[in-house]
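Undergrad: The amino acid sequence is not available; the structure is as follows:
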């Protein structure tokens with residue numbers, strides 16, 4: 001079977017990002033980190049290759065300089081059971097220079113985009129009543145961090 005694994009290119013702080021992500025997300029661990037030898041100009045001691053797991057899924061990463069910064073063209077999607085989980089991820093990932101984005105998206109302090117999505121949002125967007133679904137979607141479009149109670153009020157016409 002062929003494995004397909006996301007590979008993240010960091011400017012110069014992969015080890016700190018990986019340590020942060022693996023402490024934030026349950027079922028995560030650092031599998032291995034290899035560093036550039038000191039003889040590589042400007043890169044000695046930085047991450048040449050890292051293997052880690054987030055939520056049980058494999059990722060790889062490296063430090064390779066600022067040539068290719070992250071964009072919103074790729075994001076990590078976190079499905080959240082409730083508002084407290086949304087709040088926990090949102091607060092942690094926007095701390096220390098992260099940026100809130102519309103509709104439950106954010107960028108962490110390394111510029112990596114995340115979607116912090118409560119399961120209830122998806123349920124409301126799939127509601128068999130198209131009016132409820134539409135009202136929930138319209139409410140979502142006005143939010144940065146998703147507020148489940150506000151979504152439910154909007155879906156109910158309130």
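TA: Yep, that arrived. If you're wondering where the values come from, they're calculated on a predicted model, not measured in any experiment. Residues are numbered from 1 along each chain as shown.

Undergrad: For the rest of this, base every contact and every neighbour count on C-alpha atoms.
TA: OK.

Undergrad: State the distance from the nearest residue to residue 10 once chain neighbours are set aside to residue 35.
TA: Nearest non-adjacent residue to residue 10, counting by Cα to Cα, 6 or more residues apart in numbering: residue 63, 4.8 Å away. Distance of residue 63 to residue 35, given as Cα to Cα, to the nearest Å: 9 Å.

Undergrad: For those two, list the residues in contact with both.
TA: Listed contacts common to residue 63 and residue 35 are 46-49; contacts here mean Cα atoms under 8 Å, 6 or more residues apart in numbering.

Undergrad: Can you add neighbour count, secondary structure and distance to residue 150 and give those residues back as a markdown table?
TA: Conversion of the shared contacts of residue 63 and residue 35 to a markdown table gives the following (neighbours: other Cα atoms under 10 Å; DSSP: H, G, I helix; E, B strand; the rest coil; distance: Cα to Cα, whole Å):
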| residue | neighbour count | secondary structure | distance to residue 150 |
| --- | --- | --- | --- |
| 46 | 22 | coil | 44 |
| 47 | 21 | strand | 43 |
| 48 | 17 | strand | 45 |
| 49 | 19 | strand | 43 |
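
Undergrad: picking that back up, of residue 63 and residue 35, give the one with the bigger neighbour count.
TA: Per other Cα atoms under 10 Å, whichever of residue 63 and residue 35 has more neighbours is residue 63, with 22 against 16.
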